[in-house]
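>>> quick one, structure for this:
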Amino acid sequence: MIMIASVVSGLVFILLVSLFPHKQRSVKNYDALLQLNQYKYNIYEIFSIIPLFFFVGLICYITYLLGNDVQNLIFSGRTVDIAIYPPDTFWLASGLCFGFGLIVPPMELLYRILLGEEYDIYTEYTNRKHGYDGFRVLRPICLAFVVVGLAVSVLGLGWYKEITADRILINDFFSLRPQTYTVSDVRSLTRYEKSINADGFEKPDLHYKIVFTDGRVWDTSDNFHEVSPEVYGQVIQHILSRSSLTLQHQETDR
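Coordinates of the predicted model:
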């Protein structure tokens, strides 16, 4: 495994050098200051991981707070009997994307403050040392993270289930338009006590399957919303109380 990782790392390095070669530029007093401060620049490069993860964590946390505030603002005031919305922790996914996508400005500002007039010498030294232009590598990667973060945020705000007296509204994560059902559109309800794990063995797993007339199956074991079994039990009772259906019981979901 270590050998594979080493080979992959070597190939990535060669690819970076080939795609983003660094073109040396003239920097005032480069040789003199490099000879004097090379050790310091190496220390700054090694310990750059500390502020990097600090800023990623900070941006992630800010996104987490803002995402939950926006979600509460959008969904507040809706009149529903049962609502299943993205959990608070969902916004950590968007936060990580934005954390890595927006990392360059705060890191650049910090190093400009720390190094002052030596900043250009430091960046030129690290680029020459590795053989590729670091900023040229980071720009498309960061842009990709920002795009993914925006997509995840937009899709997350449309990822929910709402149940009222006369309708069941389901909006899947990758769907931009919710699907609306009535209780009469439910074909069957089944409760399972166990499921089969990846190794083929049974494991305790209380869940339900709600099958609709159009073929959709709402499987509560796919619990990405982190909803408690009690809430899913309320969903089942809601449907049973408004239909002539009976709850079927099976021991294991195969």
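>>> quick one: the helices in this protein, in order.
2-19, 30-46, 49-75, 91-101, 104-115, 119-130, 134-157, 229-241 (DSSP state H).
>>> can I get those in a markdown table with mean neighbour count, mean pLDDT and distance to N223?
Every C-beta, even on glycine, is put in place using the N, C-alpha and C of the backbone. Compiled in a markdown table, the helices of the chain are given as follows (neighbours: other C-beta atoms under 10 Å; pLDDT from 0 to 100; distance: least, C-beta to C-beta, whole Å):
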| stretch | mean neighbour count | mean pLDDT | distance to N223 |
| --- | --- | --- | --- |
| helix 2-19 | 10 | 45 | 34 |
| helix 30-46 | 13 | 77 | 42 |
| helix 49-75 | 15 | 95 | 18 |
| helix 91-101 | 22 | 95 | 16 |
| helix 104-115 | 14 | 92 | 36 |
| helix 119-130 | 17 | 81 | 44 |
| helix 134-157 | 15 | 91 | 16 |
| helix 229-241 | 15 | 92 | 8 |
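>>> could the ones you listed be laid out in JSON lines, adding distance to Y208?
JSON lines is the format used below for the helices of the chain (distance: least, C-beta to C-beta, whole Å):
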{"stretch": "helix 2-19", "distance to Y208": "43"}
{"stretch": "helix 30-46", "distance to Y208": "53"}
{"stretch": "helix 49-75", "distance to Y208": "24"}
{"stretch": "helix 91-101", "distance to Y208": "26"}
{"stretch": "helix 104-115", "distance to Y208": "46"}
{"stretch": "helix 119-130", "distance to Y208": "55"}
{"stretch": "helix 134-157", "distance to Y208": "24"}
{"stretch": "helix 229-241", "distance to Y208": "6"}
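>>> so for E193, which of the ones you listed sits nearest?
Within the helices of the chain, the stretch nearest E193 is helix 229-241; the backing value is 11.4 Å (C-beta to C-beta).
>>> what sits up against that closest one?
If you take C-beta atoms under 8 Å, 6 or more residues apart in numbering as the criterion, helix 229-241 is touched by 81-82, 84, 163, 168, 183, 186, 189, 191, 206-208, 210, 220, 245-247.
>>> can you say which of those residues are buried?
For those, burial is judged from neighbour counts taken by 16 or more other C-beta atoms under 10 Å, and it is met by 82, 84, 163, 168, 183, 186, 189, 191, 207-208, 210, 220, 245.
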